[in-house]
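*Asks:* using only what follows, build the 3D model:
(chains A and B)
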2 protein chains.
Amino acid sequence: MRIALLGGTGDIGEGLALRWAYDTDHDVIVGSREADRAAAKADEYETELDSRGVDVDIAGLANDEAAARADVVVLAVPAYHLADTIEAVADEVDENTIFVSPAVGMKRDEDGFHYNRPGAGSVTELAAGAAPDDVPVVGAFHNLPAARLANLDADLGIDTVVVGDDEDAVDFVSELAGDIEGLRPVDGGPLANAAEIEAITPLLINVAKYNDGMHDLGVEFR
Amino acid sequence: MRIALLGGTGDIGEGLALRWAYDTDHDVIVGSREADRAAAKADEYETELDSRGVDVDIAGLANDEAAARADVVVLAVPAYHLADTIEAVADEVDENTIFVSPAVGMKRDEDGFHYNRPGAGSVTELAAGAAPDDVPVVGAFHNLPAARLANLDADLGIDTVVVGDDEDAVDFVSELAGDIEGLRPVDGGPLANAAEIEAITPLLINVAKYNDGMHDLGVEFR
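*Replies:* Numbering: from 1, shown residues only, chains lettered A, B, ... in the order given. Below is the predicted model:
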């Protein structure tokens, strides 16, 4: 499988790129608005993996070229860049591509972080609204601890809730999630259920802020 | 410590009453709008505990009498009964009482359950707005699996996020939470952070709906 991580130079993109390259045989493609930056990051990931005895090629390309080559396109960009990122790659994808949306909108005040729910209902639904009609959108990887994900020495032992209206696409992305060691995919139902998943991310940041010894948190349902 | 569970005949109230009576030396008082029903439920809980070798007195009283006797008043009622429950007991409480709000507002459609965020920002803040000014309100116990809580044979191994603007009250309620075996209190910061905690409850119901073998779920931050 070929997985493109648009915004693959950012923190969640880095973690997913490293984990898929380390734990699986999937081809990982790093996308960025600037091809040079994507290529530099891809080299950095290759070096990190090489130091662990894993010899893989990771491509680094402009977002549109990365999307054109991929079966699964992870939109690992901030919520406010989601619509223009999708627009920039829309001509390169078709009904055989799956978009995956991990983005969460947040706002911050003196008390902590808060979920900034968009008018579409959730950021995942905003992505679905912006995507070409024939490209299924799946929400996943919303609540992952970025630094822990990118640290291949760190155990995960956490869940990710996967939502979508196209069951085949949900199954597909759930398998990709489950391919990462220590990450358990959990079915959250249709896209309409995404908001409550996204809202966990600011909560995890607040819990880390107010509790000594708790940081870079994920969540397990049990 | 004397803990009154208003709505203590309902599912979360039952679980908390049984756990505190079983795991601790705190005095548990069951409150209900009807004193008879409270007394019947209190008897039922005593019988359950007696069958496990625990001999305790659990009082069953009308909500106002229950609140009058308690140091901590848990408002274990549905969100739409919160304001009138507080009003009914407001004359019986003072600055030495702590209100605890575990209620969550939800709505349901064909996709699943969704968080029904009130205009106050959260149900916990709605409780704070309705409470007498001198009575601190703490949010806690929002995401507990009711049936598992009420089954004293079941292990918990889950977290509850505690929020409030009065730090002493938060510490107090956190201790009461930690007194329940297998329940870990986690500090969520001020009341303004309650919405993201409350939103987990409909998500837990959705996860149970869409995943075989997952039911009556709680959450652990890790």
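*Asks:* get me the contact residues on chain A for chain B.
*Replies:* Among all residues of chain A, those adjacent to chain B (criterion: Cβ under 8 Å from any Cβ of the partner chain) are A:109, A:111-112, A:114-115, A:157-158, A:161, A:186-190, A:192-193, A:195-197, A:199-200, A:202-204, A:206-207, A:209-211, A:214, A:217-222. No exception for glycine: its C-beta is placed from N, CA and C like everyone else's.
*Asks:* inside strands: which ones of these?
*Replies:* Among the residues of chain A next to chain B, the residues falling in strands (DSSP state E) are A:114, A:115, A:158, A:161, A:186, A:187, A:188, A:189, A:219, A:220, A:221.
*Asks:* next up, the contacts around residue A:137.
*Replies:* For residue A:137, the contact set (Cβ atoms under 8 Å, 6 or more residues apart in numbering or on different chains) comprises A:98, A:99, A:100, A:101, A:124, A:127, A:128, A:131, A:164, A:169, A:191.
*Asks:* repeat the analysis, applying 10 Å as the threshold.
*Replies:* By Cβ atoms under 10 Å, 6 or more residues apart in numbering or on different chains, the residues touching residue A:137 are A:73, A:75, A:86, A:98-101, A:124-131, A:163-166, A:169, A:191, A:194.
*Asks:* the residues you listed in helices, which ones?
*Replies:* Among those, the residues falling in helices (DSSP state H) are A:86, A:124, A:125, A:126, A:127, A:128, A:129, A:130, A:169, A:194.
*Asks:* what's the burial count for the fourth one?
*Replies:* Meaning residue A:126. Residue A:126 is flanked by 22 other residues according to other Cβ atoms under 10 Å in any protein chain shown.
*Asks:* in chain A, where is pLDDT below threshold?
*Replies:* Applying pLDDT under 70 to chain A flags no residue at all.
*Asks:* coming back round to it: farthest-separated two in the ones in strands among the residues of chain A next to chain B?
*Replies:* Put simply, by Cβ to Cβ the two of those set farthest apart are A:114 and A:187, 26.7 Å from each other.
*Asks:* right, and residue A:87 touches residue A:130 too?
*Replies:* Yes: using Cβ atoms under 10 Å, residue A:87 makes contact with residue A:130 at a distance of 7.0 Å.
*Asks:* so which of these two has more stuff around it?
*Replies:* The neighbour comparison of residue A:87 against residue A:130 (other Cβ under 10 Å) goes to residue A:130, with 19 against 12.
*Asks:* please report how far the more buried one lies from chain B.
*Replies:* 20 Å (Cβ to the nearest Cβ, to the nearest Å).
*Asks:* which residues touch that residue?
*Replies:* Neighbour list for residue A:130: A:75, A:82, A:83, A:84, A:85, A:86, A:87, A:90, A:99, A:101, A:120, A:137 [criterion: Cβ under 10 Å, 6+ apart].
*Asks:* which other residues reach the longest helix along chain A?
*Replies:* Assignment by DSSP H gives helix A:35-50 as the longest helix of chain A. Under the criterion Cβ under 10 Å, 6+ apart, residues A:5-10, A:13-14, A:17-18, A:21-22, A:28-32, A:34, A:54-66, A:150, A:152 lie in contact with helix A:35-50.
*Asks:* just to revisit the earlier point, show the buried residues in the contacts of residue A:137.
*Replies:* Among the contacts of residue A:137, those scoring as buried are A:73, A:75, A:86, A:98-101, A:124-128, A:130-131, A:163-166, A:169, A:191, A:194 (criterion: 16 or more other Cβ atoms under 10 Å in any protein chain shown).
*Asks:* strands - which of the contacts of residue A:130 land there?
*Replies:* The strands, defined by DSSP E, take in A:75, A:99, A:101, A:137 from the contacts of residue A:130.
*Asks:* beta partners for the last one?
*Replies:* Partner residues in beta bridges with residue A:137, using DSSP bridges, are residue A:99.
*Asks:* just the buried residues of the one helix or strand residue A:176 maps to, please?
*Replies:* Residue A:176 is part of helix A:167-178, with elements assigned from DSSP states H and E. Neighbour counts over helix A:167-178 (16+ other Cβ under 10 Å) mark A:169, A:170, A:172, A:173, A:174, A:176, A:177 as buried.
*Asks:* doesn't residue A:183 make contact with the fourth one?
*Replies:* No: contact criterion Cβ under 10 Å: residue A:173 and residue A:183 do not qualify, at 11.8 Å.
*Asks:* so where does the residue nearest to residue A:16 when sequence neighbours are not counted fall, helix or strand?
*Replies:* Spatially, and ignoring its direct neighbours in sequence, residue A:16 is nearest to residue A:5 (5.8 Å; Cβ to Cβ, 6 or more residues apart in numbering or on different chains). Using DSSP H and E, residue A:5 sits within strand A:2-6.
*Asks:* so what strands line up beside that strand?
*Replies:* Short version: by DSSP bridges, strand A:2-6 pairs with strand A:27-32 (parallel), strand A:72-75 (parallel).
*Asks:* got a list of what residue A:57 touches?
*Replies:* A:21, A:27, A:28, A:29, A:42, A:46.
*Asks:* beta partners for the second one?
*Replies:* Put plainly, it is residue A:27. residue A:2.
*Asks:* state the distance from the nearest residue to residue A:109 once chain neighbours are set aside to residue A:206.
*Replies:* The shortest distance from residue A:109 to any non-neighbouring residue, by Cβ to Cβ, 6+ apart, is to residue B:192 (7.3 Å). With distances taken as Cβ to Cβ, to the nearest Å, residue B:192 is found 10 Å from residue A:206.
*Asks:* what touches both of the two?
*Replies:* In contact with both residue B:192 and residue A:206: A:111, A:112, A:114, B:163, using Cβ under 10 Å, 6+ apart.
*Asks:* pick the one among the residues you listed closest to residue A:94.
*Replies:* Of all the shared contacts of residue B:192 and residue A:206, residue A:94 sits closest to residue A:114, with 37.2 Å by Cβ to Cβ.
*Asks:* what sits against residue A:64?
*Replies:* Applying Cβ under 10 Å, 6+ apart, one finds that residue A:64 lies in contact with A:4, A:6, A:31, A:33, A:35, A:85, A:88, A:89, A:90, A:91, A:92, A:93.
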